[in-house]
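J.: Please find the sequence and the predicted model below.
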Amino acid sequence: MSETTLQTARKCPKCNHEGLLISKQPTEIDELTGYVFQCENKVCPWYSTRWVVTADEDDKVPTRDIGHDPKRFPSVPTITERQRQQLLDRLPDDTQ
Ligand SMILES: [Zn+2]
């Protein structure tokens, strides 16, 4: 069984370039840290799109098999959609 690590999850699901770390914050689950990454690849359809990754203290991403559907990649089952949105909402809006 292959593991997802933070190193893997920080890559853009669309272009596989390493995302820029925008923010790192604790989650409501003690062992997990939430990371927000942003694609910096100008030719990528996800350019300046952000996604959330949660990882534990060993940088392992606790997620079920996500298969090969990139649209499911940002959905981390250990946090709710509401928590994910809160992570994003806390960010200063510096993209304008
Ligand atoms: Zn990308």
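T.: Done, it's in.

J.: And the nearest residue to Lys11 once chain neighbours are set aside, how close does it get to the ion?
T.: Leaving aside its sequence neighbours, Lys11 sits nearest to Glu18 (Cβ to Cβ, 6 or more residues apart in numbering; 5.6 Å). All C-beta spots, glycine's among them, are computed from the backbone N, C-alpha and C. Distance of Glu18 to the ion, computed by Cβ to the ion, to the nearest Å: 9 Å.

J.: Gln25 now?
T.: 22 Å.

J.: same question, Leu91
T.: 18 Å.

J.: neighbours around that residue, how many?
T.: 14 (other Cβ atoms under 10 Å).

J.: Please identify the helix or strand for it.
T.: If you go by DSSP states H and E, Leu91 is not part of any helix or strand.

J.: Check Gln83 too.
T.: helix 81-89.

J.: Report the buried residues of that helix.
T.: Neighbour-count burial for helix 81-89 flags 83-84, 86-87 (criterion: 16 or more other Cβ atoms under 10 Å).

J.: any chance of the residues you listed in CSV, plus distance to Asn41 and pLDDT?
T.: Formatted as CSV, these follow (distance: Cβ to Cβ, whole Å; pLDDT from 0 to 100):
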residue, distance to Asn41, pLDDT
Gln83, 27, 79
Arg84, 22, 78
Gln86, 27, 82
Leu87, 22, 81
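
J.: Just the closest of the residues you listed to Trp51, please.
T.: Compare each of these with Trp51 using Cβ to Cβ and the shortest gap goes to Arg84, at 9.3 Å.

J.: near the ion, which residues of this structure show up?
T.: 12, 14-15, 39, 41, 44, 46 (Cβ under 5 Å from the ion).

J.: go with 8 Å
T.: Counting by Cβ under 8 Å from the ion, the chain comes close to the ion at 12-17, 19, 39-41, 44-47, 49.

J.: Flag whichever of these scores worst on pLDDT.
T.: In terms of pLDDT, the weakest of those is Pro13, which scores 92.

J.: Would you quantify the distance from Ile22 to the ion?
T.: 14 Å.

J.: just use 58 as the starting number from now, easier for me
T.: In the new numbering, first residue 58, that becomes Ile79.
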